[in-house]
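K.L.:
Any chance you can model this:
(chains A and B)
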Number of protein chains: 2
Amino acid sequence: MFNFQRLIIGRPLKTEEAAHEKLPKWKALSIFSSDALSSVGYGPEQIIVTLAVPGMLIYGYFGYATIAVIALLAIVTLSYVQVARANPGGGGSYSIALQNLGETPALVAAASLIADYVLTVAVSVSSGTDALVSAFPALIGREMSINLLVLFGILTVFNLRGVRESSNVFVWPTYFFILGIVCLIGTGVYKAFTGIAPIVPAESLVRQQADWVVVVLALRAFANGCSSMTGIEAISNGVPMFKEPGVKNAIRTTYFMALILGLMIAGISFLFMHYHLLPEENVTMLSQLAEQVFGRGWAYYYIQITTMLILYLAANTAYNGLPPLLSIMARDSYVPRYLGEKGERLGYSKGILLLSLVSAALIFVFNGNVEHLISLYAIGVFLSFTIAQSSLVVKWRRERDTGWISRVALNSFGACVTGIVVLVIAITKFTHGAWIVLVFIPAMIYILKTIHSHYLTTANQLRVSPEDFVDHLEIHNPKNLVIVPISGITKVVAASIRYSKTLGGDVIALYVYTDEEERRKFEEKWNSLNLDIPLRVLYSPYRSIVQPVLGYVSELEMHKSLYHYITIVIPEFEPAKWWHRLLHNQTGWILRTLLILRENVIVSTLPYHFKK
Amino acid sequence: MFNFQRLIIGRPLKTEEAAHEKLPKWKALSIFSSDALSSVGYGPEQIIVTLAVPGMLIYGYFGYATIAVIALLAIVTLSYVQVARANPGGGGSYSIALQNLGETPALVAAASLIADYVLTVAVSVSSGTDALVSAFPALIGREMSINLLVLFGILTVFNLRGVRESSNVFVWPTYFFILGIVCLIGTGVYKAFTGIAPIVPAESLVRQQADWVVVVLALRAFANGCSSMTGIEAISNGVPMFKEPGVKNAIRTTYFMALILGLMIAGISFLFMHYHLLPEENVTMLSQLAEQVFGRGWAYYYIQITTMLILYLAANTAYNGLPPLLSIMARDSYVPRYLGEKGERLGYSKGILLLSLVSAALIFVFNGNVEHLISLYAIGVFLSFTIAQSSLVVKWRRERDTGWISRVALNSFGACVTGIVVLVIAITKFTHGAWIVLVFIPAMIYILKTIHSHYLTTANQLRVSPEDFVDHLEIHNPKNLVIVPISGITKVVAASIRYSKTLGGDVIALYVYTDEEERRKFEEKWNSLNLDIPLRVLYSPYRSIVQPVLGYVSELEMHKSLYHYITIVIPEFEPAKWWHRLLHNQTGWILRTLLILRENVIVSTLPYHFKK
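P.N.:
Reported below is the predicted structural model:
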């Protein structure tokens, strides 16, 4: 039989087939850093978007905002090196906080991370599509279709197929992108200093006197720029995937990634300023820059395509991050348990699908507008940074290993700085979407806690000691009444009665009528059969079959001393063709759904297969 | 318990409470004629829409088209008087054709009628909203919301509540409308002849020389105008609802209705020509005329509001027509049987909902554009006219009652004329939407025949003689194997096993594991319980619970000689709160769905109720 699912997803994998591949540094860099590095595709632009207010003359603050972002990057990197040291077993802010700070901070971190991963997908996919559309204006207006195609046709399918295959496909674009950006910056800087490129008049970089409005705008620009730092934590969460010595390799890779990222942000920002670029509709600023530096030749298209690829790849990192996080939380009973189940291909398939669906909804609601999505983005990232580092401070103080004082100092400083950044973003961008995150996180924590307590309650209700278990098997009066609702003298009714007789219990036939004449005819027929099964007829004044049956069962339930169980045998027609189902009413299904709400009423579904 | 459905629909009615009210002529006229009379709200306008081609100078053919429409109205009326005579028991073209012409013509009539009723709702509701919006331009842009509100909030609810209540509410608008239009025509004609109104220059009615294009356009205008005749058949279908003498009263009412309709079409068309009105966006021509004659005062708003009401009322006639037709067809097994079931309020509730949904879809797809919907409209009506009259010709010739020759002559002439009209519409409006109906009707006939043959096949497969019925109850080896899938030592498992032991059969416990360590622990626990139930453990390499269970059942099915039935007891958790369901996986449901595909495998659903 041809199976569409097999074709798309591949054959199922056995548990034993799980890969335990360890990554060398050069491969790990590419896999873990695409999220961070790709942010140069939108980060510097997001700073300018805030500052390029017509007539305000505050473009010149761009440089300061960039320097602040790079300084913050250095601090966050040093802090996260500590995270990698502290958690050689992997596990992000949620796990560290749960161990060191307790439930609520851990759930704050979890909620932030969930928001962050979903936004990573939404922002990266939208930005990747923007890069594509900038290069090929013929695609303007098709953005949403492209986004959904990438999300479901590529990312979801690849991740459902499994990590092993995806990791190899996804190594090269990062290096191609780094090469392209380095060449772009190199060429741009060379042209700028050798005078080939026109030099921008100095007055365009004039800074208006700082008043309150300017300060808020500059801080907001900085807050936007912080979106460049998302993904920096990826390596420290993935230490177990590195070749031995894991921690050392992870730390080196982190430094190297931060260095590349810092240089790229600096270079791109310098060139934006030098060419005095301004945001435009339908064209990203990186695309404008590439066009200025290279002209619209193959080099320009190379930059756009690799930017697009690394952005889509960055979305992919969320698929490597969120489903495992959800599976850990499922094990801890904070999210539905089935999110922790591995699918056919050993990926957390339900988590993958959930991520795709929620991201798609987000892209759809925000109509793929990166600027609006970015506003939601950075706050969650920095919240989880702050919690991770606070957890480490607690950990170092408790463990008091060699060098703990300097570690406490470093992480305390990091926690303070990132905490301040959280406040800056929350205040300056409150009305620009930060409030959504600030509502989402407490709501999410409430939901997570409610789910947790439900699972605890359920487990308590199901728990039983071996002695009680055996006791539970005994009942006072194990008698079973079997009811067979019948509609006439047909083969299905014969099959139902035949099965009922094999069940150890009294059998009764139940006939519901709406018309006196019909009933008379039926009773005549039935009596002529001379069966040893009592017939009960019920009148249905409202013409429904379901109500009288329910009423009769309720009546019987009052006489519990006679029967402990009531079993109702309901035939289910299995039609020869699917559309035949549309032609039959769903009385059986409705009966089952309503009867199951009673206690000690068992519904036995007897299949009846039609041949044609 | 507060019940939303009770509030909207009312309490359920017993079968004995069905109304058998007979209608006097004045009430019947109003109830049956709203469809026909309301068409003056769009009919004459639809003729002009075709003729008002800029630069073509064929406006002057409007008068001819109108005269042709009125002549056709006379012929159709005379023919339908025969239908009322022939079918004192009611029943439309479908029933007459089934008796006299056979299955296929009857189904052609049925398909035409189905199309016609759905279009009546779509056209009337859209036109009613147009009348409203013409009077209150502030509503422009809200048309779709108004349409859906009227369709679901008013028509569906009223009809689900039942005919008895609706008929009284719906009597007066027809008379208010007739009064309004008569005053409009009277005042307009008075003003035209006394010279108060400006007289239109004669050259505006100049007719271009008739060439092929002009002829086609004029015929198309006539085809559009035929939409005024929809609903003329309503009275002859409703003869049983008239007070005695039913046939005589019905015939008088038909003549009276046709007379009013003819006069209104003539008057309105004359005034359209006199004022040389032309179609406008967002304003109906009737609204333009009322404004010309009365100015924008209370009389204008009276015309618009009564026009709106009668159009919505016309939509309501389809609710009185289609669900009963579907119930007759359901009895004949041409449409799903449940369409013939009476709902709580004794209306055919499923047919009512189906009509609302399909009409809403049609309005949505055509964006409430009356002109495009009209194109689909008239062809179905005239097809069913033609079939009804052909059926009568056959009937008269067979019965040969007194006066049969003149009746055959009359109905033959009627059938020819309406048949020619069908051809005219099909040809001149083929590319304007008539093709949709010409595709729909054969497709519908195919579907109806397929459904019919499915029901026949099903009935044949279920049919059994009393002797065979008794034989069917005997089986060679009535042994039952009861399988209890278990996941651990819990109260639910205890409940399942306890129930299983009351069933007359061997009980076996089935445990699926994915982890060797887990299995070892479980088996230890299980053995320590010392139950007399054998345990079967299955390894699931692909981590699914469902696959190993299905595989095990397949294995058992090969040993049919041991067991005739396999019963699987699956617990169903009944959570204390609805959202708890989202937190548990649906393994039980999936197992049931897949197991039911096997023969002689019975799924017993055992409810387990959580208290919190």
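K.L.:
Sketch out the low-pLDDT regions of chain A for me.
P.N.:
For chain A, residues meeting the criterion pLDDT under 70 lie at A:1-5, A:18-21, A:54-57, A:88-91, A:163-168, A:197-210.
K.L.:
again, only using 50
P.N.:
A:1, A:166 (pLDDT under 50).
K.L.:
and the residue of the stretch 501-612 of chain A found nearest chain B, helix, strand or coil?
P.N.:
Residue nearest to chain B within the stretch 501-612 of chain A (CB to the nearest CB): residue A:504, separated by 3.3 Å. All C-beta atoms are positioned from the backbone trio N, CA, C, and that covers glycine. Following DSSP: H, G, I helix; E, B strand; the rest coil, residue A:504 is assigned to coil.
K.L.:
Close to chain B: what parts of the stretch 1-150 of chain A are there?
P.N.:
Counting by CB under 8 Å from any CB of the partner chain, the stretch 1-150 of chain A comes close to chain B at A:12-16.
K.L.:
Spatially nearest residue to the residue nearest to the spatial centre of chain A (excluding sequence neighbours)?
P.N.:
Centroid check for chain A by CA atoms, centre = their mean gives residue A:355 as the closest residue, at 2.6 Å. The spatial neighbour of residue A:355 that comes closest, neighbours along the chain excluded (CB to CB, 6 or more residues apart in numbering or on different chains), is residue A:322 at 5.2 Å.
K.L.:
From residue A:34, how far out is the one residue in the stretch 101-250 of chain A that gets nearest to chain B?
P.N.:
For the stretch 101-250 of chain A, the residue closest to chain B is residue A:162, as judged by CB to the nearest CB, at 13.3 Å. Note on residue A:162: its distance to residue A:34, by CB to CB, to the nearest Å, is 18 Å.
K.L.:
Tell me which residues touch residue A:162, please.
P.N.:
Shown in contact with residue A:162 (CB atoms under 8 Å, 6 or more residues apart in numbering or on different chains): A:10, A:13, A:345-347.
K.L.:
Could you do residue A:606 as well?
P.N.:
With contacts defined as CB under 8 Å, 6+ apart, residue A:606 is in contact with A:495-496, A:499, A:569-572, B:602.
K.L.:
Distance of the single nearest residue of the stretch 1-150 of chain A relative to chain B relative to residue B:212?
P.N.:
Nearest residue of the stretch 1-150 of chain A to chain B, counting by CB to the nearest CB: residue A:14, 4.1 Å away. Here residue A:14 is placed at a distance of 75 Å from residue B:212 (CB to CB).
K.L.:
same question, residue A:136
P.N.:
49 Å.
K.L.:
out of the two, which sits in the busier spot?
P.N.:
Using other CB atoms under 10 Å in any protein chain shown as the criterion, residue A:136 and residue B:212 rank with residue A:136 on top: 11 against 7.
K.L.:
Could you find the closest non-adjacent residue to whatever residue of the stretch 251-400 of chain A ends up closest to chain B?
P.N.:
For the stretch 251-400 of chain A and chain B, the shortest gap (CB to the nearest CB) falls at residue A:338, measuring 4.2 Å. Among residues not flanking residue A:338 along the chain, residue B:585 sits closest, at 4.2 Å (CB to CB, 6+ apart).
K.L.:
right, and the one you found touches residue A:340 too?
P.N.:
No. Between residue B:585 and residue A:340 there is no contact under CB atoms under 8 Å: 10.5 Å.
K.L.:
Mind checking which of these two has more residues around it?
P.N.:
Neighbour comparison, residue B:585 and residue A:340: the larger count goes to residue A:340, with 20 against 14 (by other CB under 10 Å).
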